[in-house]
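Asks: how would this look folded up:
(one chain, ligands or ions: 1)
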Amino acid sequence: MSLLELDDVSVTYRIASGEVPAVRGVSLRLEAGAALGIAGESGSGKSTLAMSLLRLLPGDARVTGKIRLAGEDLLTMKWGRLRAVRWAEASIVFQGAQHGLNPVRRIGEQIAEPLLVHGLAKPEGARKRVAELLDQVGLPSWRARSYPHELSGGQRQRVMIAMALACEPRLIVADEPTTALDVMVQAQVLTLIKDLVASRDISLIMISHDLSVLADVCGQLAVMYAGRIVEYGPSHEVFHDARHPYSKALAAAFPTVGDPVSRMAPKGLGGDPPDPMQLPGGCAFHPRCPVAVDACPTLAVDLWPAGDRRTAACVHVKEAS
Ligand SMILES: Nc1ncnc2c1ncn2[C@@H]1O[C@H](COP(=O)(O)OP(=O)(O)OP(=O)(O)O)[C@@H](O)[C@H]1O
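Replies: Model prediction:
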């Protein structure tokens, strides 16, 4: 049994003008101790998928399919059990740490909170654990008395990671954990995440629009486009030898980790992602695809085998397999 199992997960937001299909039929497996990267442009459904894992989506979102963590069905789980699972078994590091921290509470109190709420420590033990956690993320223990505004962006992101680690969860979901940071600090935080995951038995799902960052940290990569996974496989293979034209374009857009020039504009990706309420038929990427053929607009899209442990949802892969 895998630690995390997603079967045919779809998420739809209800809005005044209709329904937004944000995630469409995603199936994935994540083993204990493994790191999976989820890549895609803005709007491809990455955050929606991440939030669905801990049922953190707003009330207008409807999730279907199955999400199991260590065999437990997260979507039908009672609220009491879900509260126990959050932080203690699975925690999330959000995009831009300023949104995840309370501006009027000291850092130490905020890191201690999940420990106290879950009854994993008494106040004195929690203080010691906070000092340990700060040390693990490379911050001095006196920072426990600081307020979020007294820290830099990179330090705040480290605090978020300390909070996520506090209860020693089995799974950490990190949604663009370094996007708001400058290149140097980004590299430091990525190294920290890599070291923490490697030195414990924690599984990681990391989300980014930057394939190079994910390939650096994660063993496996899933590339999303218009709510679907369009390519899946070992991250270095997907990054250096993508089989789906969309993954190729994304890899070309971010050739190296932290490259400030390539970060500015996704070169090689002409056009915009589709409006989810008006998705093109067949393969949703076909209007932007440099190698589209007549079959693409009507294709019944599936993830076809694209080599050892690899799949891709492209007609050219289907024909080659
Ligand atoms: N609360 C919401 N109500 C309606 N539509 C939403 C809501 N949240 C997201 N969406 C839509 O769902 C789709 C997927 O959005 P999502 O934020 O998951 O993508 P993303 O890949 O994480 O993008 P980003 O990198 O910009 O965060 C988008 O079309 C978005 O407009």
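Asks: helix or strand with the lowest mean pLDDT in this protein?
Replies: Using mean pLDDT, DSSP states H and E, helix 260-264 stands out as the lowest-scoring helix or strand of the chain, at a mean of 42.
Asks: strands of the chain, start to end?
Replies: Secondary structure of the chain by DSSP state E: the strands cover 4-15, 18-30, 35-39, 61-69, 72-73, 90-93, 171-175, 203-208, 220-225, 228-234, 304-305, 311-312.
Asks: how near is the residue nearest the centre of the chain to Ile172?
Replies: When CA atoms, centre = their mean is applied to the chain, the residue found nearest the centroid is Ile207 (2.7 Å). Going from Ile207 to Ile172 by CB to CB, to the nearest Å gives 11 Å. Where you see a C-beta, it was placed from the backbone N, CA and C, and this is true even at glycine.
Asks: near the ligand, which residues of the stretch 1-150 of the chain? Just list them.
Replies: For the stretch 1-150 of the chain, the residues in contact with the ligand (CB under 6 Å from any ligand atom) are 13, 15, 20, 22, 40, 42-48, 58, 60.
Asks: dump these into JSON lines; add distance to Lys66 as well.
Replies: Shown next, in JSON lines, are these (distance: CB to CB, whole Å):
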{"residue": "Tyr13", "distance to Lys66": "20"}
{"residue": "Ile15", "distance to Lys66": "25"}
{"residue": "Val20", "distance to Lys66": "22"}
{"residue": "Ala22", "distance to Lys66": "18"}
{"residue": "Gly40", "distance to Lys66": "22"}
{"residue": "Ser42", "distance to Lys66": "27"}
{"residue": "Gly43", "distance to Lys66": "25"}
{"residue": "Ser44", "distance to Lys66": "22"}
{"residue": "Gly45", "distance to Lys66": "17"}
{"residue": "Lys46", "distance to Lys66": "20"}
{"residue": "Ser47", "distance to Lys66": "20"}
{"residue": "Thr48", "distance to Lys66": "17"}
{"residue": "Pro58", "distance to Lys66": "21"}
{"residue": "Asp60", "distance to Lys66": "21"}
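Asks: what subset of those is buried?
Replies: If you count burial by 16 or more other CB atoms under 10 Å, the buried members of those come out as Tyr13, Val20, Ala22, Gly40, Gly43, Ser44, Gly45, Lys46, Ser47, Thr48.
Asks: if I look at Thr48, how far off is Ile38?
Replies: Using CB to CB, we find Thr48 at a distance of 11 Å from Ile38.
Asks: ditto for Gly18
Replies: Separation of Gly18 from Ile38 (CB to CB): 26 Å.
Asks: between those two, which has more neighbouring residues?
Replies: More neighbours surround Ile38 than the other of Gly18 and Ile38, with 27 against 10 (other CB atoms under 10 Å).
Asks: wait, isn't that one in contact with Lys46?
Replies: Yes: using CB atoms under 8 Å, Ile38 is in contact with Lys46, at 5.2 Å.
Asks: where do the contact lists of the two overlap?
Replies: Counting by CB atoms under 8 Å, 6 or more residues apart in numbering, the contacts common to Ile38 and Lys46 are Ile207, Met224.
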